[in-house]
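> kindly return the folded structure for what I paste below:
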Amino acid sequence: MFQFGGLLGALFGGLSPPKPPRGDGTGPVIKAVNFIQARRLNHLQFQKFLDHLDTEHQDLLYFSEMRWLRKGSMLRRFYELRKEFTLFLKNNGQPVAEMEDESWLCDLAFLVDITTHMNDLNTMLQRQTQYERTHKRLYEQVKTLASSHAK
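Residues are numbered from 1 along each chain as shown. A predicted model of the protein is given here:
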């Protein structure tokens, strides 16, 4: 629902504009992953929980601010296991309210898609750059070899 602020707020009952979201919206995800990773017991219980449910993934991925590409993989894994995360966190007294919010989950799904595409693009560009360097090196070696034989 849109809310008005300032002069419009005074005219329309003191409503104020909605506050923009803080950060990129991954705070609840990182909080949940850190809760599981922070204690070895939580992590082992989560792995057993996933095994018991016979999920496709048997563990979560850890994220570090230093490796942003890893964040996309971690987000994708979290999204794929979102129901299992929700159940595990509730059972351990750490419910995450956002996990019940369809709007937040849609935003998370969009973020997962975007970071997945960015990761794929980055990987492709790294391969292309490596390919170009290799070809340039080979060309230089052939050129050097050809010039040494021409003398």
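
> contacts and neighbour counts: CA atoms only from here.
Fine.

> mind giving me the packing neighbours of whatever helix or strand V112 lives in?
In the assignment (DSSP states H and E), V112 maps to helix 102-150. Judged by 3 or more Cα pairs under 8 Å, 6 or more residues apart in numbering; DSSP states H and E, helix 102-150 is in contact with helix 68-80.

> what angle separates the helix holding V112 from helix 68-80?
If you take axes from the mean of the first three to the mean of the last three Cα atoms, to 10 degrees, helix 102-150 sits at 140 degrees to helix 68-80.

> now helix 102-150: how far from the chain's centre is it?
Relative to its chain's centre, helix 102-150 lies at 20 Å (Cα atoms, centre = their mean, to the nearest Å).

> state the mean pLDDT of it.
Regarding helix 102-150, the rounded mean pLDDT is 84.

> what sits up against the helix or strand in which I36 is found?
Taking DSSP H and E as the definition, I36 sits inside helix 27-38. Helix 27-38 is contacted from outside by N42, H43, F46, L60, Y62, F63, L75, F78, F85, L89, V96, E98, using Cα atoms under 8 Å, 6 or more residues apart in numbering.

> buried subset of those residues?
N42, H43, F46, L60, Y62, F63, L75, F78, F85, L89, V96 (16 or more other Cα atoms under 10 Å).

> outside of stretch 44-62, which residues touch it?
V33, I36, Q37, R70, S73, M74, R77, F78, L81, E84, F88.

> next one: the first one relative to H43, how far apart?
The one in question is V33. According to Cα to Cα, to the nearest Å, V33 and H43 sit 9 Å apart.

> related to what we said a few turns ago, buried residues, the helix or strand that comes right after the helix holding I36. List them.
Per DSSP H and E, the first helix or strand lying C-terminal to helix 27-38 is helix 40-53. Under the neighbour-count criterion of 16+ other Cα under 10 Å, helix 40-53 has N42, H43, F46, Q47, F49, L50 buried.
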